[in-house]
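Engineer: build me a model:
(one chain, ligands or ions: 2)
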Amino acid sequence: MPMIGTESEPIDGPAALATVADEVRVCTRCALSARRTHAVPGEGNLRSDVLLVGEGPGAREDATGRPFVGPAGQLLDELLRSIGWERADVFITNVVKCRPPGNRDPEPDEIAACAPYLQRQLEILDPALVVTLGRHSLGRFMPGSRISQAHGTVRPVDPATGASNALVFAMYHPAAALRTPDIERTSYDDVASIPAALLESRARRTPVAAATPSAAAATTTAAATTTAAVALAAPPSDVEPDATLF
Ligand code: URA
Ligand code: SF4
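Structural biologist: Ligands and ions are numbered 1, 2, ... in the order given. Just a heads-up that it's a prediction; the model follows:
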């Protein structure tokens, strides 16, 4: 978790994220505020350098105020477990923080109204890797690309999103995987490439550190397919549990 801001005015990351979450919970910037039960700001490991971005809350998320806690969330947990990660290793949020009625797609004006919150979360968390889940999240980080082509691929993130030095990795939405067995199989294939993408991004961000013996494996993508390298690519999870939730 980096400190952001100038040296004379440091901004405390956890406090800044909590401020974003507090603003989201009372936000009325778009029409989705009218029918929500709970806004869902996002939650996770504040020290993680991996940020997962879904579409918007569903019924369970609206009822609980937490992201990906329904059926799609269970599949997401299983996908993460397939690479040896836990939900507590990453930070999870959505493009829109309030549930679109009946789980319809978020409208462009709703996505635009909510965008400053995601931008601030990206600035504060400064992730090395952004994982997009589904079309709407893809649209923010790989504008113009189609999910059928982009899934499983990685590219640099435009710093205008708020993530100053990150790679983005595209995945199908887990809800699509639940509906279509082919997409579920593809999602397991895709998620297996995430540790290598994370290592690649870390090496781009800290080329000197990546060249030291302890991080030597980070310099070769091929090594990332070994179990040891996958463990190396696990985001840190050594935070106090009460510091991880917003
Ligand atoms: N689908 C999403 O896109 N986000 C959630 O938080 C839950 C389901
Ligand atoms: Fe505010 Fe975003 Fe919720 Fe709309 S979806 S009310 S912009 S927090």
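Engineer: my read: residue 71 touches residue 178, true?
Structural biologist: Yes: between residue 71 and residue 178 there is a contact under C-beta atoms under 8 Å: 6.0 Å. Bear in mind the C-beta positions are built from the backbone N, C-alpha and C, glycine included.
Engineer: so where's the chain uncertain?
Structural biologist: 1-11, 208-246 (pLDDT under 70).
Engineer: kindly recompute the last result at 50.
Structural biologist: 1-8, 210-230, 239-246 (pLDDT under 50).
Engineer: in it, what residue is nearest ligand 1?
Structural biologist: Each residue of the chain has a distance to ligand 1, by C-beta to the nearest ligand atom, and the smallest belongs to residue 54, at 3.0 Å.
Engineer: so what's that residue up against?
Structural biologist: By C-beta atoms under 8 Å, 6 or more residues apart in numbering, residue 54 lies in contact with 67, 68, 72, 92, 93, 94, 95, 133, 134, 137, 173.
Engineer: correct me if wrong, but the fifth one is in a strand.
Structural biologist: Yes: assignment of residue 93 by DSSP: H, G, I helix; E, B strand; the rest coil places it within a strand.
Engineer: and it, what does it touch?
Structural biologist: Counting by C-beta under 8 Å, 6+ apart, residue 93 has contacts 40, 41, 42, 43, 44, 51, 52, 53, 54, 67, 118, 121.
Engineer: now the residues you listed as CSV including distance to ligand 2 and secondary structure?
Structural biologist: Below are the contacts of residue 93 laid out as CSV (distance: C-beta to the nearest ligand atom, whole Å; DSSP: H, G, I helix; E, B strand; the rest coil):
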residue, distance to ligand 2, secondary structure
40, 9, coil
41, 8, coil
42, 11, coil
43, 15, strand
44, 18, strand
51, 17, strand
52, 18, strand
53, 14, strand
54, 13, strand
67, 13, coil
118, 9, helix
121, 12, helix
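Engineer: tell me the one of these nearest residue 195?
Structural biologist: Distance to residue 195 across the contacts of residue 93 (C-beta to C-beta) is lowest for residue 52, with 14.1 Å.
Engineer: near ligand 1, which residues of the protein show up?
Structural biologist: 40, 54-58, 61, 67-68, 72-73, 94, 175 (C-beta under 6 Å from any ligand atom).
Engineer: filter the residues you listed to the buried ones?
Structural biologist: Among the residues of the chain next to ligand 1, those buried by neighbour count (16 or more other C-beta atoms under 10 Å) are 40, 54-58, 61, 67-68, 72-73, 94, 175.
Engineer: state the distance from residue 61 to residue 39.
Structural biologist: Residue 61 sits 10 Å away from residue 39, going by C-beta to C-beta, to the nearest Å.
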